[in-house]
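S.K.: give me a model of this one.
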Amino acid sequence: MTLPDYVPDDADSEEAAAIVAAVSAHLDAEGEDEETPETWDGKRWAFAGRTEAVLGRTVRPTDGTPTDAWTAAGRADRL
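M.R.: Take a look at the predicted model:
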């Protein structure tokens, strides 16, 4: 088994495992920062239909409306 370059040659198996786990966790955390933000694409009309059924008037979320449905529903009077 070949160890990655960041594991010293003199590391025992426990040290090597700890180093690999730490580096893997760090790399996984970096990937989380690059998630695409949630948008209203594909959900705008469904939200508008549900809001119309409840409020009795037509509203449509704008691009600036929060994508969390509960928060958006709380702001429906301003849409």
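S.K.: and this protein, what are its domains?
M.R.: 7-36, 44-78 (automatic domain parsing).
S.K.: mean confidence for the longest one?
M.R.: pLDDT averaged over domain 44-78 equals 81, rounded to a whole number.
S.K.: report the buried residues of it.
M.R.: 47-48, 51, 59, 61, 65, 72-73, 76 (16 or more other Cβ atoms under 10 Å). In short, each C-beta sits where N, CA and C put it, glycine included.
S.K.: can you tell me which of the residues you listed end up in helices?
M.R.: Among these, the ones falling in helices (DSSP state H) are 47-48, 51, 72-73.
S.K.: looking at those residues, point me to the pair that's furthest apart.
M.R.: Within these, Ala48 and Ala73 form the most distant pair, 11.6 Å apart (Cβ to Cβ).
S.K.: give me the pLDDT for Ala22.
M.R.: You'll see Ala22 listed with a pLDDT of 82.
S.K.: Met1 too?
M.R.: 53.
S.K.: equivalent analysis for Pro37, please.
M.R.: So Pro37 comes in at 75 (pLDDT).
S.K.: perfect, I'm done here.
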